[in-house]
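Chemist: Sequence plus predicted model, see below.
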Amino acid sequence: IIETGIDIPNVNTLIMEDADRLGLAQLHQIRGRIGRSTRRAYAYLTYRQGKILQETAAKRLAAIREYVEFGSGFKIAMRDLEIRGAGNLLGPEQSGYLMSVGYDLYLKLLEEAVLEERGEEKKIAKTAAAYREVMRRAADLEPDTVVITSPHATMYSDYFHISPGKSARGDFSAFRCPEVEIEAEYDAAFSKALADACAEEDLPAGFLGEREPALDHGTMIPLYFLQPALKKPVKVVRIGLSGLSADVHYRLGRLIQDTAEKLGRRTVFIASGDLSHKLKEDGPYGFVKEGPVFDEAVTEDLSKADFLSLLTISPDLAECAAECGLRSFWIMAGALDCQRVHAELLSHEGTFGVGYGVAYFTPEGEDDARDIGRQLIDAETQAIAKVREQEDAYVRLARESLETFARSHTMLPVPKDLPEDLQDRRA
């Protein structure tokens with residue numbers, strides 16, 4: 001239908017299901033079937049409720065939402081090229097002029113030259129230097145295992161995915177650098193022991209539902225800096241995040257600590273993820289006022305190892321800031337459960353509109369006063385109690401009725417202190 005150029009001017013509304021499954025060019029062409037007259041047009045691109053989008057799908061939907069003006073086809077094509085990579089269009093088999101370099105590497109060299117000319121690389125020099133420093137320190141610890149939690153690994157709303165298998169590899173093709181490859185050998189014994197511990201604690205985590213075995217960039221970037229500094233080979237455990245609450249992420253971190261102790265592994269934990277993606281108007285995701293507020297709050301918490309504040313940060317603030325690393329930090333906090341911690345924030349930059357933070361935490365012995373998980377539960381209990389103090393009789397009756405039925409599948413006995421108007425008539 002699309003290829004025949006269907007053109008019905010009076011059609012002005014499009015509803016698309018599972019839009020995340022379509023390519024950017026497909027989205028653009030289908031959307032082009034409406035808005036073909038002077039009538040205002042509406043396109044609703046939907047995906048399944050509760051679904052955690054793959055990074056590339058989210059980028060495609062963001063692009064189709066951004067480019068809506070007439071004649072935006074070229075911009076969409078260029079964004080599609082950035083998302084999917086350049087492929088082999090101008091590779092050595094099809095291009096004599098770029099034969100000695102290749103299009104991907106050519107773009108990388110061109111980009112580096114432009115950045116160097118503009119002095120852009122120097123603007124994130126602190127981040128790069130901090131990354132090298134923390135990875136040097138990590139390598140000096142001579143770990144047996146490195147646990148990496150990444151927002152770009154397989155992610156579910158109600159489940160933590162632990163990467164299965166013996167090893168994995170990946171490259172930076174999505175960033176026009178396919179020649180940069182990273183390989184990692186998995187610590188299968190650690191992963192199995194962790195999955196078993198989660199099952200015993202009724203925490204939803206394991207090896208089910210792997211969608212992409214290749215290493216994601218949230219895993220590869222730390223390894224890119226770590227591996228050259230290592231004094232001996234190290235095995236990796238890769239874990240995705242989830243849509244579950246802060247206390248569940250914290251519990252997973254605590255089980256990671258328990259597993260490392262049980263197996264006698266010298267373990268380094270890397271919480272991968274960015275801060276706000278909306279720090280600058282000219283950045284890739286634009287600017288919102290919540291972006292800098294979020295970054296300031298999180299970096300302050302990290303610099304002080306104030307994990308309770310980190311775990312109770314406003315969900316609305318985090319969502320508006322468009323962060324991707326907060327849940328990684330929650331798991332890290334759990335991995336340092338009941339530990340006295342020395343915290344050091346080495347850098348924080350938002351030069352290109354995305355917050356990059358690098359911090360280093362050293363456990364310095366047991367400290368029962370830092371049972372942050374219990375403190376979190378207590379804080380939530382107090383918050384709920386405060387809300388319930390404001391309830392009127394009607395709200396209290398509705399809540400208690402629902403709670404009673406959910407817990408026991410029985411009806412709530414009629415309370416004796418009901419208001420008269422609830423006693424005299426039926427709803």
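Modeler: Structure's in. What do you need? Residues are numbered from 1 along each chain as shown.

Chemist: Can you tell me the closest non-neighbouring residue to the residue most central in space within the chain?
Modeler: Closest residue to the average C-alpha location of the chain: residue 151 at 3.0 Å, with C-alpha atoms, centre = their mean. Closest residue to residue 151 apart from its sequence neighbours, by C-beta to C-beta, 6 or more residues apart in numbering: residue 324 at 4.2 Å. For glycine as for every other residue, the C-beta is placed from the backbone atoms N, C-alpha and C.

Chemist: Specify the local secondary structure of that neighbour.
Modeler: coil (DSSP: H, G, I helix; E, B strand; the rest coil).

Chemist: Quick check: it touching residue 272?
Modeler: No. Using C-beta atoms under 8 Å, residue 324 is not in contact with residue 272, being 9.2 Å away.

Chemist: Mutual contacts of those two, please.
Modeler: Shared contacts of residue 324 and residue 272, defined by C-beta atoms under 8 Å, 6 or more residues apart in numbering, comprise residue 151.

Chemist: Among those two, which residue is more densely surrounded?
Modeler: residue 272 (25 against 21; other C-beta atoms under 10 Å).

Chemist: helices and strands around the host helix or strand of residue 59, which ones?
Modeler: According to DSSP states H and E, residue 59 maps onto helix 55-66. Helices and strands touching helix 55-66, by 3 or more C-beta pairs under 8 Å, 6 or more residues apart in numbering; DSSP states H and E, are helix 24-31, strand 42-45, helix 73-84.

Chemist: Run the angle between it and helix 24-31 for me.
Modeler: 40 degrees (axes from the mean of the first three to the mean of the last three C-alpha atoms, to 10 degrees).

Chemist: Check the offset of helix 55-66 from the chain's centre.
Modeler: 16 Å (C-alpha atoms, centre = their mean, to the nearest Å).

Chemist: Can you give me the buried ones in that helix?
Modeler: Residues 55, 57, 59, 60, 61, 63, 64 are the ones in helix 55-66 that count as buried (16 or more other C-beta atoms under 10 Å).

Chemist: For those residues, give me TSV that also has pLDDT.
Modeler: What follows is the buried residues of helix 55-66, written out as TSV (pLDDT from 0 to 100):
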residue	pLDDT
55	83
57	88
59	87
60	89
61	90
63	86
64	88
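
Chemist: for the stretch 301-427 of the chain, which spans come out with low pLDDT?
Modeler: Applying pLDDT under 70 to the stretch 301-427 of the chain picks out residues 424-427.

Chemist: So which residues of it form strands?
Modeler: 339-349, 356-366 (DSSP state E, counting those that start in this stretch).

Chemist: so which of those comes closest to residue 228?
Modeler: strand 356-366 (17.0 Å; C-beta to C-beta).

Chemist: Would you confirm that residue 325 contacts residue 270?
Modeler: No. Using C-beta under 8 Å, residue 325 is not in contact with residue 270; the gap is 11.2 Å.

Chemist: Identify, out of the helices and strands packed on helix 55-66, the most deeply packed stretch.
Modeler: Mean neighbour count, computed with mean count of other C-beta atoms under 10 Å, is highest for helix 24-31 among these, reaching a mean of 18.

Chemist: quick one: residue 415 from residue 399, how far?
Modeler: Using C-beta to C-beta, to the nearest Å, one gets 12 Å for the distance from residue 415 to residue 399.

Chemist: and what of residue 201?
Modeler: 28 Å.

Chemist: again, but for residue 231
Modeler: Taken as C-beta to C-beta, the span from residue 231 to residue 399 is 58 Å.

Chemist: between those two, who's got more neighbours?
Modeler: More crowded of residue 231 and residue 399, by other C-beta under 10 Å: residue 399, with 14 against 10.

Chemist: who are the neighbours in contact with the more buried one?
Modeler: Contact analysis of residue 399 by C-beta under 8 Å, 6+ apart lists 388, 391.

Chemist: is it true that residue 126 touches residue 345?
Modeler: No. Between residue 126 and residue 345 there is no contact under C-beta under 8 Å: 11.2 Å.

Chemist: Now do the contacts for the residue nearest to the centre of the chain.
Modeler: 218, 240, 241, 272, 273, 324, 325, 327, 328.

Chemist: Could you rerun that using 6 Å?
Modeler: Each residue near residue 151 by C-beta atoms under 6 Å, 6 or more residues apart in numbering is listed here: 218, 241, 273, 324.

Chemist: Not including adjacent chain positions, what is the nearest residue to the second one?
Modeler: Closest residue to residue 241 apart from its sequence neighbours, by C-beta to C-beta, 6+ apart: residue 327 at 4.2 Å.

Chemist: All the helices of the stretch 251-400 of the chain, residue numbers only.
Modeler: 290-304, 307-311, 315-321, 326-335, 372-389, 393-408 (DSSP state H, counting those that start in this stretch).

Chemist: Tell me where the stretch 1-150 of the chain is predicted with low confidence.
Modeler: Looking at the stretch 1-150 of the chain by pLDDT under 70, you get 1-7, 69-71, 74, 81, 84-122.

Chemist: At which residues are the strands of it located?
Modeler: Using DSSP E, counting those that start in this stretch, strands in the stretch 1-150 of the chain cover 13-16, 42-45, 145-150.

Chemist: a markdown table for the ones you listed, including distance to residue 390?
Modeler: Shown next, in a markdown table, are the strands of the stretch 1-150 of the chain (distance: least, C-beta to C-beta, whole Å):
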| stretch | distance to residue 390 |
| --- | --- |
| strand 13-16 | 41 |
| strand 42-45 | 38 |
| strand 145-150 | 37 |
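
Chemist: Name the stretch among those that sits most buried.
Modeler: strand 145-150 (a mean of 26).

Chemist: And for that strand, what's in contact with it?
Modeler: The list of residues contacting strand 145-150 from outside it, by C-beta under 6 Å, 6+ apart, reads 187, 190, 216, 218-219, 234-239, 256, 265, 267-272, 328, 331.

Chemist: Please work out how many residues are found near residue 201.
Modeler: With other C-beta under 10 Å as criterion, residue 201 counts 13.

Chemist: per-residue pLDDT, the closest residue in space to it that isn't next to it in sequence?
Modeler: Once flanking residues are discounted, residue 201 sits nearest to residue 255: 6.5 Å by C-beta to C-beta, 6+ apart. pLDDT recorded at residue 255 is 98.

Chemist: Please report how far the closest residue to residue 242 other than its chain neighbours lies from residue 317.
Modeler: Counting by C-beta to C-beta, 6+ apart, residue 242 lies nearest to residue 160, which is 5.1 Å off, once chain neighbours are set aside. Noted for residue 160: a distance of 24 Å to residue 317, by C-beta to C-beta.

Chemist: where exactly do the helices run in the stretch 101-250 of the chain?
Modeler: So, for the stretch 101-250 of the chain - with DSSP H, counting those that start in this stretch - the helices run 103-118, 120-123, 125-140, 188-200, 217-226, 246-263.
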